[in-house]
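Peer 1: Compute the structure for the input listed below.
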Amino acid sequence: MTHLPKTKRQSASDIAYHEIKQKIIKLAYEPDRILIEEELSTTLSVSRTPLRQALYRLELEGLIIKQPNGRMHVAPITVEEIEEVYKAREVLEGLMAREATLNMNVEKLQKLEDLLVLMKFAAEQNRIEHTVSYGSEFHAVLYSLSKNRTVKRLMEQLDGQIERYRRLSGYMNPEYSPLAPVREHEKIFELVKEGDANEVEKEVRAHIIRNLAVAKDTLLQYLGKQQHN
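Peer 2: The predicted model follows:
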């Protein structure tokens, strides 16, 4: 997931939203951390009104929970939620991959191949963050060809949670092999190139389920460490 730069077109609320979201995704703001408006306002150099708009958006996305007393905290990460998120992701991304294959063109196919080259190079250099980033971009380019606006809206709603749990499978697992996802993406690419929409959908869904297994294992390790702290 790329961090959006501060441009003139971004409002104060947008900037606050992206800053807080990135900190939650990267676990800089850990699960269950209490969020205090006054501190956030000072840290982000933003007034209360745009800050509250940003926090409301994050609440809708499930990254922040507002308690009955009005206090807010970062949403916890749980095994139940990761299973729900990945099962939803499996179905939605499978559908988009199928449609994208049917709508594929030469320009996008070349872009996917270029990203694979960058992804493989990063993996060989053990640059895990770049490997995961190129993998995410590969999916984004592929899904851009899907015309299912409803599915895309649902995916946007899940975006923060997906990125948050993706860090567990890619960035935080000591046994993560960066070349493994490269091989999986290469297989998806070859199926897309052949125009086999059915097999592309199956392979994308299988890819996500394999990621779920890794992410769950890392999550259990993470939660275990938290309990002992």
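Peer 1: State the pLDDT value of R149.
Peer 2: As summarised for this prediction, R149 has a pLDDT of 94.
Peer 1: ditto for E59
Peer 2: pLDDT, read off for E59, is 94.
Peer 1: and what of the one 5 residues further on?
Peer 2: Looking at I64, its pLDDT reads 95.
Peer 1: Please go through this protein and pick out the longest helix.
Peer 2: Taking DSSP state H as the assignment, the helix of the chain that covers the most residues is helix 197-228.
Peer 1: And it, what's buried?
Peer 2: Of the residues in helix 197-228, those buried under the neighbour-count criterion (16 or more other C-beta atoms under 10 Å) are 197, 199-201, 203-205, 207-208, 211-212, 214-216, 218-219, 222. Heads up, the C-betas are built off the backbone N, CA and C, glycines and all.
Peer 1: swap in stretch 34-49?
Peer 2: Along stretch 34-49, the positions that meet the burial threshold by neighbour count (16+ other C-beta under 10 Å) are 35, 40-41, 44, 46.
Peer 1: which residues of this structure fall in strands?
Peer 2: 34-35, 64-66, 72-74 (DSSP state E).
Peer 1: Quick one: closest of those strands to E99.
Peer 2: With C-beta to C-beta as the measure, strand 64-66 is the member of those nearest E99 (32.2 Å).
Peer 1: Low-confidence regions, the protein specifically.
Peer 2: 1-9, 169-174, 226-229 (pLDDT under 70).
Peer 1: most tightly surrounded among the strands of the chain?
Peer 2: Of all the strands of the chain, strand 72-74 has the most neighbours on average by mean count of other C-beta atoms under 10 Å, namely a mean of 19.
Peer 1: residues in contact with that one?
Peer 2: Outside of strand 72-74, the residues within contact range by C-beta atoms under 8 Å, 6 or more residues apart in numbering are 24, 29-35, 55, 59, 63-67.
Peer 1: do the same with stretch 210-218
Peer 2: Counting contacts by C-beta under 8 Å, 6+ apart, the residues outside stretch 210-218 that touch it are 79, 82-83, 86-87, 90, 165-166, 168-169, 172-173, 176, 181, 184.
Peer 1: Give me the buried subset of these.
Peer 2: Looks like these have 82, 86, 90, 165-166, 168-169, 173, 176, 181, 184 buried, using 16+ other C-beta under 10 Å.
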